[in-house]
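> Sequence first, predicted model second:
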Amino acid sequence: MFLTCLSTFGLLRAAEPLPFSSELTTVLSDRYPHGVEDLKLLEEQVQLVAAQAVPATVEVEIGRSIGSGVIISKEGLVLTAAHVIGRPGRRATLVLADGRRLKGRTLGAHHWMDAGMVQITDPPGDLPFAPLAPEEAVEIGQWVVATGQPGGILDDRSPPVRLGRVLAADDQWICTDCTLVGGDSGGPLFNMRGEVMAIHMSIGPEVVHNFHVPVTEIRPVWEKMLQGEVWGGEVAERDHDGNWAVLGLAGRTINERTVVTQVFGGFPAEAAGVLPGDQIVAVDGQAIASILQLTETISRKSPGDTIHLELMRNAHVMELDVMLSSIGEPLPGSFDPSSSEAQPESREQP
């Protein structure tokens, strides 16, 4: 479910958990709303959560890559995904919902967990931020709210707000049916008190299965990330001068169809004319049935290779020759072939 918030939310600044009435507590604990009054209570609470969530949700720009994040302190500490920041000491720009652009530096990252930090270098006095959720159990069916900046900042759109429920969870991940697309990586997942309970870590190959790393999992390594330490996975361990081939798009698998959800500016897919909504049918004559298969196919190529891309658009087949470029960090919202995120079956079947 999508809910679009007005830009006036950007004028609000809040960092306190939202209260629950006894009536709302009952609605949230039921399996589903039982009538119009229940729906009204749920809607009112979602609006309050959105008013707290949207101002604290930021776009994270690092080089040519764009992801999402959330400000969690008045001092300007931002939580995001490890694959968004890559490594410490990189220049970052944080774009607020009200359009302000703040400078920052990347801190540490845990790549196995897919959690990272950015520090705003000169935080303003009116900086919005969101509270962190306490140590508490995540319940199956629990209502949650996701925000992010998919596709970057748009003049007529504040960070989209999506309502969903927890489908599954363990100590290391939460799976929800909140819809996520390319660019949402690193954005926050809120509980119904308006507290940050997790960070988007994996856009699943199916629209109703997306994964988030819980704040409770991040807390034990908090100080290590503040100190700029990076660990976990080949991204952290390999030589950062190394590059791999990149097509420059994000997508998802829908009914065994590979559908493009985002095309990144300045990369080969955009130059060749690929558009969001296109279905990737084949690469070099090899049928493509999933976004994971597409990622694995491109990962076997080298920068400078030309691929023959067959796609479907509006029921018409198109053929494009695309020369791959190189990149040193995975693009937000796309699978990193060197990490466990390229093994979605381990997360889709908890």
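Received it, and whenever you're ready, just let me know what you need.
> quick one, what contacts Thr261?
Listed by Cβ atoms under 8 Å, 6 or more residues apart in numbering, the contact partners of Thr261 are 181-182, 250-252, 276, 333. Yep, even glycine has a C-beta here, placed from its N, CA and C like the rest.
> repeat that with 6 Å
Contacts for Thr261 (Cβ atoms under 6 Å, 6 or more residues apart in numbering) come out as 181-182, 250-252, 276.
> For it, identify the helix or strand it belongs to.
strand 257-263 (DSSP states H and E).
> With Leu311 instead?
Leu311 belongs to strand 306-313 when assigned by DSSP H and E.
> So what touches that strand?
Strand 306-313 has contacts (Cβ under 6 Å, 6+ apart) with 278-284, 318-323.
> Buried subset of these, written for PyMOL?
Only the buried entries of the contacts of strand 306-313 go into this PyMOL selection, using 16 or more other Cβ atoms under 10 Å:
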select buried, resi 278+279+280+281+282+283+318+320+322
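> Need the max-distance pair from the contacts of strand 306-313.
Gln279 and Met323 (21.5 Å; Cβ to Cβ).
> Helices along the chain, start to end?
For the chain, applying DSSP state H gives helices covering 22-29, 36-56, 82-85, 215-218, 222-226, 233-237, 268-272, 291-299, 345-348.
> Please work out which of the ones you listed is packed deepest.
helix 82-85 (a mean of 32; mean count of other Cβ atoms under 10 Å).
> For the stretch 101-250 of the chain, just list every one of the strands.
Ranges of strands in the stretch 101-250 of the chain, per DSSP state E, counting those that start in this stretch, are 101-110, 115-120, 143-147, 161-169, 174-176, 188-190, 196-202, 210-214, 230-231, 244-246, 249-254.
> Any buried residues in stretch 125-132, and which?
Going by neighbour count (16+ other Cβ under 10 Å), the buried part of stretch 125-132 is 127-132.
> what does stretch 210-228 contact?
Against stretch 210-228 from outside (Cβ under 6 Å, 6+ apart): 88, 107-108, 110, 113-115, 117, 132-133, 135, 172-175, 180, 189, 197-204, 347.
> Buried only: go through those residues for me.
The neighbour-count test (16+ other Cβ under 10 Å) marks 88, 107-108, 110, 113-115, 117, 132-133, 173-175, 180, 189, 197-204, 347 as buried among those.
> and the nearest residue to Gly183 once chain neighbours are set aside, what is it in contact with?
The shortest distance from Gly183 to any non-neighbouring residue, by Cβ to Cβ, 6 or more residues apart in numbering, is to Pro150 (3.9 Å). When contacts are counted by Cβ under 6 Å, 6+ apart, Pro150 touches 181, 183-184.
> Check what pLDDT His83 gets.
His83 carries a pLDDT value of 81.
> swap in Ala146?
With respect to pLDDT, Ala146 scores 95.
> again, but for the one 3 residues further on
At Gln149, the pLDDT value in this model is 82.
> domains in the protein, as residue ranges please.
Under automatic domain parsing, the residue ranges defining each domain of the chain are 1-239, 244-327.
> ok, the strand holding Thr261: who's next to it in the sheet?
Neighbouring strands of strand 257-263 in its sheet, by DSSP bridges, are strand 249-254 (antiparallel), strand 279-283 (antiparallel).
> what's next to the last one, contact-wise?
Residues outside strand 279-283 that contact it (Cβ under 6 Å, 6+ apart): 257-259, 288, 294, 297, 307, 310-312.
> Now do that strand, average pLDDT.
On average, the pLDDT along strand 279-283 is 94.
> Pull the distance from that strand to the chain's centre.
Put simply, strand 279-283 sits 24 Å off its chain's centre (Cα atoms, centre = their mean, to the nearest Å).
> Quick one: work out the angle between that strand and helix 291-299.
Calculated by axes from the mean of the first three to the mean of the last three Cα atoms, to 10 degrees, strand 279-283 forms an angle of 40 degrees with helix 291-299.
> Kindly calculate the angle that strand 279-283 makes with strand 306-313.
Using the same axes, to 10 degrees: strand 279-283 against strand 306-313 is 150 degrees.
> before we move on, the earlier item: kindly report which one of the helices of the chain carries the lowest mean pLDDT.
When the helices of the chain are ranked by mean pLDDT, helix 345-348 comes last with a mean of 28.
> with the contacts of Thr261 in mind, which one is nearest to Gln47?
Val181 (22.8 Å).
> quick one: Glu319 and Lys103, what's the gap?
Note on Glu319: its distance to Lys103, by Cβ to Cβ, to the nearest Å, is 43 Å.
> Show me the contact partners of stretch 127-138.
Residues contacting stretch 127-138 (Cβ under 6 Å, 6+ apart): 13, 15, 17, 55-56, 70-74, 166, 169, 174, 191, 195-197, 215-216.
> Would you mind listing where the stretch 251-350 of the chain has pLDDT under the threshold?
The stretch 251-350 of the chain contains residues with pLDDT under 70 at 327-350.
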